[in-house]
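# below is the structure, and that's it, no one-letter string:
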DNA sequence: CAAATAATTTTACGCGCGTAAACAAATTCC
DNA sequence: GGAATTTGTTTACGCGCGTAAAATTATTTG
């Protein structure tokens, strides 16, 4: 136990019988000191339970050991899952992840960017709001801080990691067309480039099959996708405006709202007999398994997106080289067949 | 625009024609300097876009302006919502919120606590993991940092803010018993004190009505409540072990899993004719509105819990007085009637 | 308008640590 | 076992800012 309070590195160096600069070196990289020295420090560490002051460290280092993570909406389980994985990887790599959420608001995104900027982080992993992002502000940020974007491909930063919407949407359009009436497409609110890409992917996939695409746009700009799906669904069903009995929603949250609408209107969703509607989504959100009926969807590869984002960032950070070009990586999804379609 | 890069306060004081200590004073409290001085600083601020270095600030202040927020599971929409509100309030009050999530793991909770500790925050708002929390570690933390607990009432810190499980469970037990067969109770995994409290609340409420309580416990210790609800639900339904056709789950996520089980087993959930089962939850999670059928539940007052937690903390922080006793505040919920029960 | 009060400037120090340079000691090599 | 090499120590400075005390200036009061 701590037989004495250790206020700073000076004192800690004293009680462990090592000079302060060497102790400092140890904390920056334990393997950079001699084995015997390392042991003595670690014994003292057991005994006195001292930790260097983070603020003092970061003030003096040229490059801090912090990594900024910024997501548009932490309440979205997709981001919650990704963040969890990213945080873990950062910690394992000896970095200190700091999480910000824009909560769907441009103002908060800018705030986070400013705060992050003044933290002088080693790097940043950003999933931008998208359409409502302040591009200029983000560029200014990325000029000083190595930045990897994910999920939403704004043309900012050193690299992008996301999912291959053309592959994944193609997959599910094929499946739906093969097993029943070809799907119409209910768009998510146009909050980011994925919205547009998925729509285009749907169009191409349909045309490739020689089918006529039917796209249903939603005007409202909201992150509350379930509500959007519900309201649009109610409108479409009650006014008999659905061009197909198969509905592909551009993400799971939208699909869940849509299914709620179908339920409310007395339409049974599924692919069995007695079902009036098939509904499918995209992303395989953690709770899609638990809807009634369980949602057929395409999974995004959470782990690989998270891992590759972090690896890419650390690659840039640790070599110190800003990559040339701007590598974009897209991971494919896999079909997740459940009861809804 | 920035006609010149301002590296530090010294330079900024120079270009704005004010002495550095006064500028420093301004950043600590803009209203503490003369109006005319304030204007000159703010004009310079427009022109040069300078921000004090956060690390240097926090190194020197006795009390930093950071506030730690620690939740057990950020992917849970309850916490995501609470956090959103807490963050906003902190920012408005001039504090800098730092978010940590334990992701259900004791090790990560301790890590977060350690990191937070070394940050010397002005205060902390903590929703502990509960049963698996390292109480001793948390006490050590709370000894140095003013800490307000919420959601899960471990006997640590200066105060607690949460919901009144007895009131809310009472409410829904009354409702369910009045409108149909009295409910049995499916427990959430015993991860925290709320689990136990809700069970007791159910028991009391039933006995008060002169009814026999039926409690179904789940053994597994998991934060993936939906899956727990699904598995337990399947077991109970398929083995005909349900003591009542009305099921009260101790939270919404569990209820959603349970409804998925009912669906899978071909049991229709709801209160209309042709329905075999009524299912209700607790919390009014953001997505409970969108289940099929929409979930009947009791809402927790997100806003008031968040606000009161922050107010309590700032009350302690700003007076500098650790409150005597350990005030506990419980907010009541309101019944949210939907189709599931 | 002089005195009292408030706000600002000057000066100076300290926070806890990174880091560079010169030197000393320990380790490795032949 | 002496030279070359690695590893540590000493010494010294700087980072960007908070903050205290004393001196100065501006504002308010009677």
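Okay, I see it. Quick caveat, the model's predicted, so the values are computed rather than measured. Numbering: from 1, shown residues only, chains lettered A, B, ... in the order given.
# count the residues that sit near residue A:10.
With neighbours defined by other Cβ atoms under 10 Å in any protein chain shown, the count for residue A:10 comes to 10. C-beta coordinates here come from the backbone N, C-alpha and C atoms, glycine included.
# now residue A:104
19.
# regarding it, what is its secondary structure?
Under DSSP: H, G, I helix; E, B strand; the rest coil, residue A:104 falls in the coil class.
# so who does it touch?
Residues near residue A:104 by Cβ atoms under 8 Å, 6 or more residues apart in numbering or on different chains: A:72-73, A:129, A:222-223.
# of those, buried ones?
A:72-73, A:129, A:223 (16 or more other Cβ atoms under 10 Å in any protein chain shown).
# which of those residues sits closest to residue B:48?
Closest to residue B:48 out of the buried ones among the contacts of residue A:104 is residue A:129 (27.6 Å), distances taken as Cβ to Cβ.
# how near is that closest one to chain B?
Computed as Cβ to the nearest Cβ, to the nearest Å, the residue A:129 to chain B distance reads 15 Å.
# which parts of the stretch 151-300 of chain A sit against chain B?
Listed as neighbours of chain B in the stretch 151-300 of chain A under the rule Cβ under 8 Å from any Cβ of the partner chain: A:226-227, A:229-230, A:256-257, A:259-260, A:262-263, A:269, A:286-287, A:289-294.
# narrow the residues you listed to those in helices?
A:226-227, A:229-230, A:256-257, A:259-260, A:262-263 (DSSP state H).
# a markdown table for those residues, including neighbour count and pLDDT?
Shown next, in a markdown table, are those (neighbours: other Cβ atoms under 10 Å in any protein chain shown; pLDDT from 0 to 100):
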| residue | neighbour count | pLDDT |
| --- | --- | --- |
| A:226 | 21 | 93 |
| A:227 | 18 | 93 |
| A:229 | 30 | 94 |
| A:230 | 24 | 94 |
| A:256 | 28 | 96 |
| A:257 | 26 | 95 |
| A:259 | 30 | 96 |
| A:260 | 26 | 95 |
| A:262 | 25 | 95 |
| A:263 | 21 | 93 |
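# neighbours of residue A:334, how many?
12.
# the nearest residue to it once chain neighbours are set aside: neighbour count?
Once flanking residues are discounted, residue A:334 sits nearest to residue A:299: 5.3 Å by Cβ to Cβ, 6 or more residues apart in numbering or on different chains. Look at residue A:299: counted by other Cβ under 10 Å, it has 18 neighbours.
# so which of the buried ones among the contacts of residue A:104 belong to helices?
Per DSSP H, these never map to helices.
# just the ones in strands from the residues you listed, please.
Applying DSSP state E to those, no entry is found in strands.
# can you pull out the strands in chain A?
Along chain A, counting by DSSP E, strands occupy A:66-71, A:96-101, A:123-126, A:147-150, A:159-163, A:184-186, A:215-216, A:246-249, A:278-280, A:297-299, A:328-331, A:334-336.
# tell me what the second one is packed against?
I take that to be strand A:96-101. strand A:66-71, helix A:77-92, helix A:106-118, helix B:77-92, strand B:96-101 (3 or more Cβ pairs under 8 Å, 6 or more residues apart in numbering or on different chains; DSSP states H and E).
# near chain B at all, stretch A:114-126?
Yes - counting by Cβ under 8 Å from any Cβ, chain B is contacted by stretch A:114-126 at A:114-115, A:117-120.
# list the buried residues in the helix or strand of chain A with the lowest mean pLDDT.
Ranked by mean pLDDT, DSSP states H and E, the weakest helix or strand in chain A is helix A:54-60, scoring a mean of 83. By 16+ other Cβ under 10 Å, the buried positions in helix A:54-60 come out as A:54-59.
# out of these, which touch chain B?
Restricting these to those near chain B - Cβ under 8 Å from any Cβ - leaves A:54-56, A:58-59.
# nearest to DNA strand C, of those residues?
Closest approach to DNA strand C among these (Cβ to the nearest atom of the strand): residue A:56, at 3.6 Å.
# just the residues of stretch A:114-126 next to chain B now: which is nearest chain B?
Proximity of the residues of stretch A:114-126 next to chain B to chain B (Cβ to the nearest Cβ) peaks at residue A:118, which lies at 4.8 Å.
# just the pLDDT for that closest one.
Per-residue confidence (pLDDT) for residue A:118: 77.
# nearest residue to it in space, please, no chain neighbours.
Nearest in space to residue A:118, with sequence neighbours left out and distances taken as Cβ to Cβ, 6+ apart, is residue B:51 at 4.8 Å.
# which ones are touching that neighbour?
With contact set as Cβ under 8 Å, 6+ apart, residue B:51 has these partners: A:114, A:117-118.
# using TSV, lay out the ones next to chain B among the buried residues of helix A:54-60 together with distance to DNA strand C.
Below are these laid out as TSV (distance: Cβ to the nearest atom of the strand, whole Å):
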residue	distance to DNA strand C
A:54	8
A:55	8
A:56	4
A:58	8
A:59	5
